[in-house]
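A.B. asks: Sharing a model prediction with you, sequence too.
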Amino acid sequence: MEMQLSDVGTVRKIVLAGRLDTTGVDHVETKFGAAIVPGGKATVVDLTQVSFLASMGIRMLITTTRALSRKGAKLAIYGAMPGVMEVIETTALSDIIPVAGTESEAIAIVTG
Amino acid sequence: MNAPPTPSWNPPGPMGGLLLTEFIGKTLHLVLGNTLGSVLDGRREIQRHYELRLYDPGVVNRLDVIFEELISNIIRHGFSPGSNQSISVLVADRPGLIELTLEDDGTPFNPLAASEPEPLRDLETAPIGGLGISLVRKLAADVRYERPGAGNGGFAPANRIIVTIAT
């Protein structure tokens, strides 16, 4: 599981690549939270290179988005592939975390 | 449906991820050890020996998610750390279905007896526990739990979960 961090204007952008399974989340969860929560910036998470999502990944997204929300900032995810999107839809994750198709849509959501 | 055949094999020695791969007729049988590496090893063996290329990618993803959730759940919650406990996995073709049967000798526990987690309504109250089993229930065509009888060949399973995935 790999993670890249950058800023797009005032928005933090995280690119995840690999499998968000038990092993992948163990590997990336601390870095993911540390890259997002302390800064308290609006954040978008690029899932285009995430090939697999299971409940541990859902949990990581919820806990990080919750912590960021307590600082008054939003997080949106975008670019999910069909298998990942099926898990997002099955768990109704999009009811609490905005899901966008593209980076620009996600940025519009978190800065709106 | 009758209980699946319990293969005869002996408990493993030093723990590893993948302990055994064999075919019982056309059914793929794996034995996985008490390590989270078993999830990856088991998935690789299913991909290697089972003709997943014949299935729709959505079916393969559902099998992958269900396998990940159930195996990791058994190892994290049903096994004692460092023990020689193990999981027997059977993967079989059924008409219109893939059938996945898991038996383990961990703590007797029926994960299907737990109530469904509350729906995700807002960030502050969203539950983060129980999502895995809920996901299995929703992605599978059917999920059943059984208490197996006495095993044979030295393996005494305490739990059996049978999951079918529509193809």
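C.D. replies: Looks like it arrived, so ask away.
A.B. asks: Contacts only, for the residue most central in space within chain A.
C.D. replies: Nearest to the geometric centre of chain A sits residue A:45, at 3.9 Å (CA atoms, centre = their mean). Residues in contact with residue A:45 (CB atoms under 8 Å, 6 or more residues apart in numbering or on different chains) are A:13, A:14, A:15, A:16, A:61, A:75, A:76, A:77, A:78, A:106. For every residue, glycine as well, the C-beta is placed using N, CA and C.
A.B. asks: what two of those are the furthest from one another?
C.D. replies: With CB to CB as the measure, no two of those lie farther apart than A:13 and A:61, at 15.2 Å.
A.B. asks: Can you list the buried residues in stretch A:97-112?
C.D. replies: A:97, A:98, A:99, A:100, A:103, A:106, A:107, A:109, A:110 (16 or more other CB atoms under 10 Å in any protein chain shown).
A.B. asks: From those, pick the one nearest residue B:26.
C.D. replies: residue A:99 (40.1 Å).
A.B. asks: quick check: mean pLDDT across stretch A:26-44?
C.D. replies: On average, the pLDDT along stretch A:26-44 is 97.
A.B. asks: Likewise for stretch B:37-52?
C.D. replies: Averaging pLDDT along stretch B:37-52 yields 88.
A.B. asks: likewise stretch B:129-138?
C.D. replies: Mean predicted confidence for stretch B:129-138 is 92.
A.B. asks: buried sites along it?
C.D. replies: Neighbour counts over stretch B:129-138 (16+ other CB under 10 Å) mark B:131, B:132, B:133, B:134, B:135, B:136, B:137, B:138 as buried.
A.B. asks: how many neighbours does residue B:143 have?
C.D. replies: Neighbourhood size, residue B:143 [other CB atoms under 10 Å in any protein chain shown]: 19.
A.B. asks: which element is it on?
C.D. replies: Using DSSP states H and E, the element containing residue B:143 is strand B:142-146.
A.B. asks: what residues does that strand touch?
C.D. replies: With CB under 8 Å, 6+ apart as the criterion, strand B:142-146 contacts B:3, B:110-113, B:136-137, B:159-164.
A.B. asks: from these, which ones fall inside strands?
C.D. replies: Among the contacts of strand B:142-146, the members falling in strands (DSSP state E) are B:159, B:160, B:161, B:162, B:163, B:164.
A.B. asks: Out of those, give me the one that has the most neighbours.
C.D. replies: residue B:163 leads the ones in strands among the contacts of strand B:142-146 on contacts (other CB under 10 Å) with 25 neighbours.
A.B. asks: got a markdown table for the buried residues of stretch B:129-138, with distance to residue B:71 too?
C.D. replies: Shown next, in a markdown table, are the buried residues of stretch B:129-138 (distance: CB to CB, whole Å):
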| residue | distance to residue B:71 |
| --- | --- |
| B:131 | 16 |
| B:132 | 11 |
| B:133 | 13 |
| B:134 | 17 |
| B:135 | 14 |
| B:136 | 11 |
| B:137 | 16 |
| B:138 | 18 |
